[in-house]
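1. quick one: sequence plus predicted model below, questions after.
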Amino acid sequence: LATPGYQVHLCDVSEEALNKGFAGIEKSLARFIKAKHLSEQDAEDARSRITGFTELEKAVSDVDLVVEAVPENMELKKRIFYDLDRFTKPEVILATNTSELSVTAIASATKRPRSVVGMHWFNPPPVMRLVEIVRGVDTSEEAIEVIKKVSERAGKETVVVKDVQGFVTSRAISAHMMECMKILEEGVASAEDIDKAIRLGLNYPMGPFELADYVGLDTMLFASEGMVEAYGDRFRVPQTLRKLVEAGHLGRKSGKGFYDYTKERETVSVKK
Ligand SMILES: NC(=O)c1ccc[n+]([C@@H]2O[C@H](COP(=O)([O-])OP(=O)(O)OC[C@H]3O[C@@H](n4cnc5c(N)ncnc54)[C@H](O)[C@@H]3O)[C@@H](O)[C@H]2O)c1
């Protein structure tokens with residue numbers, strides 16, 4: 001949001017977490033400069049528009065829009081929205097980047113459910129072209145329009161969807177990944193070959209196991225549990241995924257998932 005010209009207040013829980021965020025931004029800007037999609041000056045301007053905060057009240061007291069992106073936990077999101085409602089001006093739109101939680105439930109923690117809306121970005125956000133806008137039960141047309149305008153200024157396309165479990169994108173990707181894990185368990189092909197088939201045959205940028213390791217297997221498991229609750233057993237995770245999570249193999253972040261990142265990339269044995 002800083003690149004297209006917005007003044008951004010970046011708020012996290014500690015200086016350390018904030019620095020991690022700034023380091024991520026630096027890495028991203030450097031990639032854009034290297035690819036000649038951004039000049040040094042544009043990058044410097046974007047940097048100068050971002051101010052870091054570790055106190056939520058200070059961060060949001062004079063902003064016009066909040067985009068919350070704390071971990072995917074309903075209790076935490078509700079606590080944050082309760083505070084955002086108290087700390088921001090009454091007309092401020094409060095958006096959540098949740099991937100599958102109920103925007104309506106998050107909005108219930110505030111006295112302004114009309115101004116609470118889903119603004120679902122995709123990873124990596126500077127590159128991915130979509131923002132999925134989620135209309136909660138009470139979300140106003142005005143809130144949707146604001147998010148559309150901000151997203152468009154950031155160069156994104158938008159879709160507006162209803163507030164159902166997983167919206168469009170997380171529900172679709174969950175179904176795809178579950179089915180690919182079942183294909184793996186049936187021994188139809190190796191993880192590498194399923195990834196290769198999906199990448200080259202279906203033209204997806206990543207295969208399902210590369211993507212699962214990238215997103216985090218614990219996150220995948222959590223998402224599946226929400227989907228089972230809403231849509232039944234067809235979203236139940238295959239044992240393979242549950243066992244990897246139980247073993248602490250959470251994907252790239254733990255060094256091992258469907259693949260082993262501690263050596264040359266190697267598939268972890270997941271044969272039945
Ligand atoms: N990772 C993805 O690919 C992706 C894609 C789309 C949407 N999302 C959604 O974005 C949200 C964040 O996901 P993530 O993967 O970036 O999580 P993450 O755990 O990597 O990052 C969360 C950040 O929030 C900070 N945080 C925690 N508590 C906070 C608080 N009380 N106040 C301020 N900051 C706090 C953490 O320090 C951390 O920097 C989730 O709702 C997730 O579903 C993630």
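-> Ah, there it is.

2. count of residues packed around the residue of the stretch 101-250 of the chain at minimum distance from the ligand?
-> Nearest residue of the stretch 101-250 of the chain to the ligand (Cβ to the nearest ligand atom) works out as Asn123 at 3.4 Å. All C-beta atoms are positioned from the backbone trio N, CA, C, and that covers glycine. By the measure other Cβ atoms under 10 Å, the count of residues near Asn123 is 11.

3. list the contacts of it.
-> 214-215 (Cβ atoms under 8 Å, 6 or more residues apart in numbering).

4. that one: which element?
-> Asn123 belongs to no helix or strand when assigned by DSSP states H and E.

5. can you count the residues close to the residue lying closest to Ile133 once chain neighbours are set aside?
-> Distance criterion Cβ to Cβ, 6 or more residues apart in numbering; nearest residue to Ile133, sequence neighbours excluded, is Val160 at 4.7 Å. Using other Cβ under 10 Å, Val160 has 17 other residues around it.

6. got the buried residues for the helix or strand in which Val160 is found?
-> Element membership for Val160 (DSSP H and E) is strand 157-162. Of all the residues in strand 157-162, those buried under the rule 16 or more other Cβ atoms under 10 Å are 158, 160-161.

7. can I get the strand or helix carrying Lys58 in CSV? Just the C-alpha atoms.
-> Taking DSSP H and E as the criterion, Lys58 maps to helix 56-60. The C-alpha coordinates for helix 56-60 follow below in CSV (Å, rounded to 0.1, in the frame of the first residue of the first chain):
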residue,chain,number,x,y,z
LEU,A,56,-2.0,-0.1,18.6
GLU,A,57,-3.7,3.0,20.0
LYS,A,58,-0.9,5.3,18.7
ALA,A,59,-0.8,3.4,15.4
VAL,A,60,-4.5,3.8,14.5
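
8. what is it packed up against?
-> Where contact means 3 or more Cβ pairs under 8 Å, 6 or more residues apart in numbering; DSSP states H and E, helix 56-60 is packed against strand 8-11, helix 74-87.

9. tell me which residues are up against the last one.
-> Residues external to helix 74-87 that are found in contact with it (Cβ under 8 Å, 6+ apart): 56-57, 60-61, 66, 68, 70, 92, 94, 96, 98, 101-102, 105-112, 116.
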